[in-house]
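Novice: below is the sequence, then the predicted model.
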Amino acid sequence: MVRGYDAVLAASTIVAFLALLLIYLPPFIYPPSLSDSHNLLNSSVPVPVHAAFGPESLAFDPTGSGPYVGVADGRVLKWSQQTDSWVDFAFTSSQREECTQPFEPELEHVCGRPLGLRFEQKSGNLYVADAYFGLQVVGPEGGLATVIATKAEGQPLYFTNDMDIDEEEDVIYFTDSSTAFRRRHFMQSILTGDRTGRFMKYDKSTKEVTVLLRELAFPNGVVLSKDRSFVLVSETRLCRILRYWLKGPNTGKTETFAELPGYPDNIRRNPKGEFWVGVHSKKTRLADWILRNPWFGTSLLLKLPLSFRQLHILFVGGHHGIAMKLSSEGRVLEILEDVRGEVVRYISEVEERDGKLWIGSVMMPSIWVYDLQ
């Protein structure tokens, strides 16, 4: 009885503490303002994914058709320019009987959860990083994807996230965000200080997977440089992007490419060789303190009776959308925002194409198109 009373008292104390933060310390919990930022993304045009949710990644096939997006129920959808609507293109799991709801996290391990998407230009094949089923590939006609990698050095892929393809070397660089937490528990990975993520290389000719970097804090987006001399990896929990050298005197070495004011998700290269980073949200002062003190998340915050949405909004501080463009050397070139999240929220990827930005979100039922002109 005493233990139960103590637990209730501790939980009540924490709730009261958080309530005081909400009332008296807005600068501590709300997303900070950024200098040189342009609040323009609220002019973006939404393209809803009807009866679907969470189009994290976007890709266009070698003919320019698309975009293609992966959604929360395990499907890959294609935008049909003939009908101006989304159509089914591919699936990452053959077990579709229970996959009837747009968003049902408890069934992700059954239905699949496609995250990063990349087309191979020379073959027209679509490669998929499925959070639960590993690396997959599907032909130009779509259908059920084929698994090509499920483990690395004997350890299963537990949270496959994003990738990029080096078509000249015939290798795929990709991330496994955690070997301790599944995708549906990504907040737990962030809040507990988990550093079990890996960055890897899949050799298409030998079908071997090699671990290049270990003990990463939620490795996420992956992109090759235009000259293929390095690859970038976003390390979401630490709000930074790493550069892993593939060529030159620094081959095999890693360095910090950019420190960001928020949590980077996918990275995509534009035709000039610059990089667009989808930033899930800005880092609040409260979140910064929590990340520096993972005991708080492990021992207290995750034990409160908070839903995922409540925990997430407490962590990010409020709805907003932010995208950043970086130079080939990591210098910030442009910051675009929807400061209040009026239209765009929780950006996971930004693809620049024909004077427009195509924007995805792992937490919204829509993509958006922003006209750079």
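Specialist: Sure, I can see it.
Novice: could I get the phi/psi values of His185?
Specialist: phi -110, psi 30 (degrees, to the nearest 10).
Novice: I should have written Trp289 there, sorry.
Specialist: According to degrees, to the nearest 10, Trp289 has phi -70, psi -40.
Novice: the residue lying closest to it once chain neighbours are set aside: what secondary structure?
Specialist: In this structure, Trp289 finds its nearest non-sequential neighbour in Phe296, 7.9 Å apart by CB to CB, 6 or more residues apart in numbering. All C-beta atoms are positioned from the backbone trio N, CA, C, and that covers glycine. Classification of Phe296 using DSSP: H, G, I helix; E, B strand; the rest coil returns helix.
Novice: what about Phe296, how many residues nearby?
Specialist: 16 (other CB atoms under 10 Å).
Novice: one more: Gln310?
Specialist: 11.
Novice: so it sits in a strand?
Specialist: No: under three-state DSSP, Gln310 falls outside any strand and is assigned helix.
Novice: those helices in the stretch 101-250 of the chain, which residues are they?
Specialist: Taking DSSP state H, counting those that start in this stretch as the test, the helices found in the stretch 101-250 of the chain are 108-111, 186-191.
Novice: buried residues, the longest one. List them.
Specialist: This points to helix 186-191. 186-191 (16 or more other CB atoms under 10 Å).
Novice: turn those into a markdown table, columns for distance to Lys283 and pLDDT.
Specialist: What follows is the buried residues of helix 186-191, written out as a markdown table (distance: CB to CB, whole Å; pLDDT from 0 to 100):
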| residue | distance to Lys283 | pLDDT |
| --- | --- | --- |
| Phe186 | 16 | 94 |
| Met187 | 15 | 93 |
| Gln188 | 18 | 93 |
| Ser189 | 16 | 95 |
| Ile190 | 11 | 94 |
| Leu191 | 13 | 93 |
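Novice: which residue is the nearest non-sequential neighbour of Gly66?
Specialist: Closest to Gly66 by CB to CB, 6+ apart is Phe60, at 4.0 Å.
Novice: what sits against that neighbour?
Specialist: 66-68, 119, 351, 353 (CB atoms under 8 Å, 6 or more residues apart in numbering).
Novice: out of those residues, which is most surrounded?
Specialist: Tyr68 (24 neighbours).
Novice: wait, it sits on Leu126?
Specialist: Yes: in this structure, Tyr68 is within contact of Leu126 by CB atoms under 8 Å, at 6.7 Å.
Novice: who touches both of those two?
Specialist: 59, 61, 76, 89, 117, 119.
Novice: mind putting these into a markdown table with pLDDT?
Specialist: Output for the shared contacts of Tyr68 and Leu126, formatted as a markdown table (pLDDT from 0 to 100):
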| residue | pLDDT |
| --- | --- |
| Ala59 | 98 |
| Asp61 | 98 |
| Val76 | 98 |
| Phe89 | 98 |
| Leu117 | 98 |
| Phe119 | 98 |
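Novice: for the protein, name the helix or strand with the lowest mean pLDDT.
Specialist: Among the helices and strands of the chain, helix 2-24 carries the lowest confidence by mean pLDDT, DSSP states H and E, at a mean of 62.
Novice: next SSE downstream of that one?
Specialist: helix 26-29 (DSSP states H and E).
Novice: buried residues in that following helix, which are they?
Specialist: Ile29.
Novice: which elements pack onto that helix?
Specialist: Other helices and strands packing on helix 26-29, by 3 or more CB pairs under 8 Å, 6 or more residues apart in numbering; DSSP states H and E, are helix 2-24, helix 285-292.
Novice: what mean pLDDT does it get?
Specialist: What helix 26-29 shows for mean pLDDT is 75.
Novice: any idea which helix or strand comes after that helix?
Specialist: Helix 26-29 is succeeded, C-terminally, by strand 37-39 (DSSP H and E).
Novice: in what helix or strand does the residue nearest to the spatial centre of the chain lie?
Specialist: A centroid search over the chain (CA atoms, centre = their mean) returns Asp265, at 3.9 Å, as the residue closest to the centre. Using DSSP H and E, Asp265 sits in strand 262-269.
Novice: may I have that strand as CSV, with CA atoms only?
Specialist: This file holds the C-alpha atoms of strand 262-269, laid out as CSV (Å, rounded to 0.1, in the frame of the first residue of the first chain):
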residue,chain,number,x,y,z
GLY,A,262,15.9,20.4,-34.3
TYR,A,263,15.6,16.8,-35.1
PRO,A,264,16.7,15.9,-38.7
ASP,A,265,14.8,13.1,-40.5
ASN,A,266,15.5,12.3,-44.2
ILE,A,267,18.0,14.2,-46.3
ARG,A,268,17.7,14.7,-50.1
ARG,A,269,20.1,16.2,-52.6
